[in-house]
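Participant: dropping the sequence and predicted coords here.
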Amino acid sequence: THRQGPARPDGRPVPSVHAPFIARPRLFAWAPYSAPMREAFHDQLDGIFADLSEICGQVEVAVREATKALMTGDVHTADQVISGDKAIDAARERVDDTSFQLLSLQQPVAGDLRMIVSALRMVSELERMGDLSVHVAKIARLRVPSVAVPEELRPTMERMAETAEDIDRKSTRLNSSHGS
């Protein structure tokens with residue numbers, strides 16, 4: 001038997017203080033993303049990786065040119081590396097902004113979330129490589145007219161620069177293959 005609650009003098013039941021928690025409206029399950037929203041999400045994600053590829057190319061040039069400036073004492077090349085860092089920084093800000101926008105508005109999960117977090121980590125490391133290239137270029141500029149690297153260390157420095165460029169090229173290929 002179902003027990004009735006207290007009644008008013010006119011016979012109507014007294015509403016329970018628990019009614020809002022018991023008699024809730026029926027919840028409807030909606031698809032979390034409509035097809036156009038998912039398409040827009042993936043377009044923005046592809047844009048992030050296109051920006052990452054662009055940054056990789058800029059960093060590759062910065063590393064190569066900073067090394068050249070360090071080895072030759074070329075002030076003009078060092079100045080180009082230093083001024084080129086603004087473009088890398090601006091591209092990093094674009095990737096950060098788009099990534100955080102996707103995180104907050106789309107609330108990605110699983111694989112999509114891992115992709116965005118990976119992009120954020122990669123862009124910070126690439127930006128750091130660009131900043132280190134600027135540092136190398138500034139050292140080269142400070143040492144003019146002499147060369148900053150002693151002759152006996154040149155082969156080691158050249159191998160280090162080649163390794164850094166190789167890492168950046170691999171990152172570029174990885175980012176370029178994202179959409180494939």
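Facilitator: Structure's in. What do you need?
Participant: R154 touches T67, doesn't it?
Facilitator: No. R154 lies out of contact with T67 (C-beta atoms under 8 Å); the separation is 10.4 Å. (Glycine included, C-beta is placed from N, CA and C.)
Participant: what about these two, which has more around it?
Facilitator: For R154 and T67, the more surrounded residue by other C-beta atoms under 10 Å is T67, and the numbers stand at 24 against 13.
Participant: packing partners for the helix or strand that contains S53?
Facilitator: Using DSSP states H and E, S53 falls within helix 35-72. Applying 3 or more C-beta pairs under 8 Å, 6 or more residues apart in numbering; DSSP states H and E, one finds that helix 35-72 makes contact with helix 75-106, helix 110-143, helix 154-176.
Participant: so how far is it off the chain centroid?
Facilitator: 10 Å (C-alpha atoms, centre = their mean, to the nearest Å).
Participant: now it: buried residues?
Facilitator: Residues 41, 44-45, 48-49, 51-71 are the ones in helix 35-72 that count as buried (16 or more other C-beta atoms under 10 Å).
Participant: by mean pLDDT, point me to the weakest helix or strand of the chain.
Facilitator: Every helix and strand of the chain was ranked by mean pLDDT, DSSP states H and E. The lowest is helix 19-22, at a mean of 58.
Participant: so who does the closest residue to R92 other than its chain neighbours touch?
Facilitator: Leaving aside its sequence neighbours, R92 sits nearest to E127 (C-beta to C-beta, 6 or more residues apart in numbering; 4.3 Å). By C-beta atoms under 8 Å, 6 or more residues apart in numbering, the contact list for E127 reads I55, I88, D89, R92.
Participant: what's the local residue count around the second one?
Facilitator: The criterion is other C-beta under 10 Å. On that basis, I88 has 23 neighbouring residues.
Participant: okay, now the unreliable bits of this protein?
Facilitator: 1-6, 14-37, 175-180 (pLDDT under 70).
Participant: contacting residues for the closest residue to D131 other than its chain neighbours?
Facilitator: Closest residue to D131 apart from its sequence neighbours, by C-beta to C-beta, 6+ apart: D85 at 6.8 Å. Residues in contact with D85 (C-beta under 8 Å, 6+ apart) are A62, G130, D131, S133, V134.
Participant: what of A148?
Facilitator: A148 neighbours (C-beta under 8 Å, 6+ apart): L70, G73, I139, A140, L142.
Participant: before we move on, what about G84?
Facilitator: Q58, V61, A62, E65.
Participant: distance of the residue positioned nearest the centre of the chain relative to Q44?
Facilitator: By C-alpha atoms, centre = their mean, the chain has its centre lying nearest to L120, at 2.7 Å. For L120, the distance to Q44 equals 14 Å [C-beta to C-beta, to the nearest Å].
Participant: of the contacts of E127, which is the nearest to T172?
Facilitator: Taking C-beta to C-beta as the measure, T172 lies nearest I55 of the contacts of E127, at 9.1 Å.
Participant: many thanks, I have nothing further to ask.
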